[in-house]
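Enquirer: only the shape, not the letters, is given here:
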């Protein structure tokens, strides 16, 4: 008995340890994803490092003489922040001060794409909260699809050649502005 | 009892109806063949707002826009693959409910098979190792001394005869 037991002692003990090992590895992987703050709902954009999509959006109805519309050609020559927003979108109001702060920087233009909004509502919204946008395209829905946008707000940062270099999904919080957006803009301005 | 009958009627009616879908009457194409293709494509595309529904099932605004887009492109003469590629180019592979087979998804597609193979190998090794042991035990008959000891043990427990313990 003692002979065969010692002969098999090594491998069979390994078999006993194996489930514990597998569990350990699994627990480590799950813990990593839970603790890293990774949000599985946030999707990576396939458009990163690709040229901005071809699109032409008209101005907001009734503001034709006040604020020009937006098309692909307007996104070249300077670092551009493209901000999808709507007056019905509450998080958009939360990030509005941060968007306004970006628009005050030198060497960067902020343009807006107004998604599925009523002209009267968005005009009222911009009058009340300030209008930081150099241009605003009025989007009935297709504009968002061209940009792979699936919720409001979303923000893209483009380099001087009009290539998409960064995407932010959701509210630009003051922290996100400092930690993510501003460093990207500075890097692209070089 | 009446309530039960009503419930039963409700369940039967629900079962008799075609599966619920979100396509609105205004979206449906007149060309039935195209509409059929549009429905098939819609079932393969994820609604990115709700994420666990296809755009065919979802009432979300974006899903509706995508359904209309699918129909527009089909009407314009695009093939099924061209329509799907158009949307994948904008939203990425995640928009496909059935992920494509490519190096980045090999672990997803073949991982379970690899785990099955490893487990199968483990089972084979385990059984192989057990078999000689049992065969050896059977091949070696008990000698006289062992037999005597076994009998003694069995009768001690009252297992040799028809004891009351049974």
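Expert: Structure received. Because the structure is predicted, anything quoted here is derived from the model rather than measured.

Enquirer: remind me what the helix or strand hosting residue A:97 packs against, helices and strands.
Expert: Per DSSP states H and E, residue A:97 falls inside helix A:90-104. Using 3 or more C-beta pairs under 8 Å, 6 or more residues apart in numbering or on different chains; DSSP states H and E, the elements in contact with helix A:90-104 are strand A:79-85, strand A:108-115. From N, CA and C alone the C-beta is placed, and that goes for glycine too.

Enquirer: close to chain B, is the shortest one?
Expert: No: contact of strand A:79-85 with chain B (C-beta under 8 Å from any C-beta of the partner chain) is absent, the minimum separation being 12.2 Å.

Enquirer: off-centre distance for that strand?
Expert: The chain centre lies 10 Å from the centre of strand A:79-85; the measure is C-alpha atoms, centre = their mean, to the nearest Å.

Enquirer: same question, the longest one
Expert: Centroid separation for strand A:108-115 versus its chain: 14 Å, with C-alpha atoms, centre = their mean.

Enquirer: same question, stretch B:49-62
Expert: When distances are taken as C-alpha atoms, centre = their mean, stretch B:49-62 is centred 21 Å away from the chain's centroid.

Enquirer: gap between the two ends of that stretch?
Expert: Using C-alpha to C-alpha, to the nearest Å, one end of stretch B:49-62 lies 7 Å from the other.

Enquirer: what is the subsequent helix or strand relative to the least confident helix or strand in chain B by mean pLDDT?
Expert: The weakest-scoring helix or strand in chain B, judged by mean pLDDT, DSSP states H and E, is helix B:2-16 (a mean of 65). For helix B:2-16, the following helix or strand on the C-terminal side (DSSP H and E) is helix B:32-44.

Enquirer: make JSON lines out of the helices and strands packed on helix A:90-104 and add distance to residue A:69, mean neighbour count and mean pLDDT.
Expert: Listed next are the helices and strands packed on helix A:90-104 as JSON lines, based on distance: least, C-beta to C-beta, whole Å; neighbours: other C-beta atoms under 10 Å in any protein chain shown; pLDDT from 0 to 100:
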{"stretch": "strand A:79-85", "distance to residue A:69": "13", "mean neighbour count": "25", "mean pLDDT": "97"}
{"stretch": "strand A:108-115", "distance to residue A:69": "10", "mean neighbour count": "25", "mean pLDDT": "96"}
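
Enquirer: contacting residues around the helix or strand containing residue B:85?
Expert: Per DSSP H and E, residue B:85 falls inside helix B:80-91. Applying C-beta atoms under 8 Å, 6 or more residues apart in numbering or on different chains, the contact partners of helix B:80-91 are A:43, A:46-47, A:53, A:145-148, A:150, B:37, B:40-41, B:44-45, B:48, B:66, B:69-70, B:73-74, B:78, B:95-96.

Enquirer: circling back to that earlier point, any chance of the helices and strands packed on helix A:90-104 in TSV, plus distance to residue B:82?
Expert: What follows is those, written out as TSV (distance: least, C-beta to C-beta, whole Å):
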stretch	distance to residue B:82
strand A:79-85	26
strand A:108-115	26
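
Enquirer: wait, isn't residue A:86 in contact with residue A:116?
Expert: Yes: Residue A:86 is within contact range of residue A:116, at 6.2 Å (criterion: C-beta atoms under 8 Å).

Enquirer: look at these two and report which has more neighbours.
Expert: residue A:86 (22 against 17; other C-beta atoms under 10 Å in any protein chain shown).

Enquirer: who are the neighbours in contact with the more buried one?
Expert: Residue A:86 makes contact with A:92, A:114, A:115, A:116, A:117, A:122, A:152 under the criterion C-beta under 8 Å, 6+ apart.

Enquirer: distance check, it against chain B.
Expert: Noted for residue A:86: a distance of 11 Å to chain B, by C-beta to the nearest C-beta, to the nearest Å.

Enquirer: what pLDDT does that residue get?
Expert: Per-residue pLDDT puts residue A:86 at 96.

Enquirer: how about it, phi and psi?
Expert: With angles defined as degrees, to the nearest 10, residue A:86 sits at phi -160, psi 150.

Enquirer: okay, helices next: where are they in chain A?
Expert: For chain A, the helices defined by DSSP state H occupy A:2-35, A:90-104, A:119-129, A:142-146, A:174-176, A:182-189.

Enquirer: now the spatially closest residue to residue A:163 that is not a sequence neighbour: how far from chain B?
Expert: Distance criterion C-beta to C-beta, 6 or more residues apart in numbering or on different chains; nearest residue to residue A:163, sequence neighbours excluded, is residue A:51 at 5.4 Å. Using C-beta to the nearest C-beta, we find residue A:51 at a distance of 12 Å from chain B.

Enquirer: tally of neighbours for residue 119?
Expert: Let's take chain A. 15.

Enquirer: can you look at chain B instead?
Expert: Neighbours of residue B:119 (other C-beta under 10 Å): 10.

Enquirer: point out where chain A drops to low pLDDT.
Expert: The model of chain A has pLDDT under 70 over residues A:1-11, A:38-44.

Enquirer: can we see that at 80?
Expert: A:1-14, A:36-45 (pLDDT under 80).

Enquirer: pretty sure residue A:146 contacts residue A:53?
Expert: Yes: Residue A:146 is within contact range of residue A:53, at 4.2 Å (criterion: C-beta under 8 Å).
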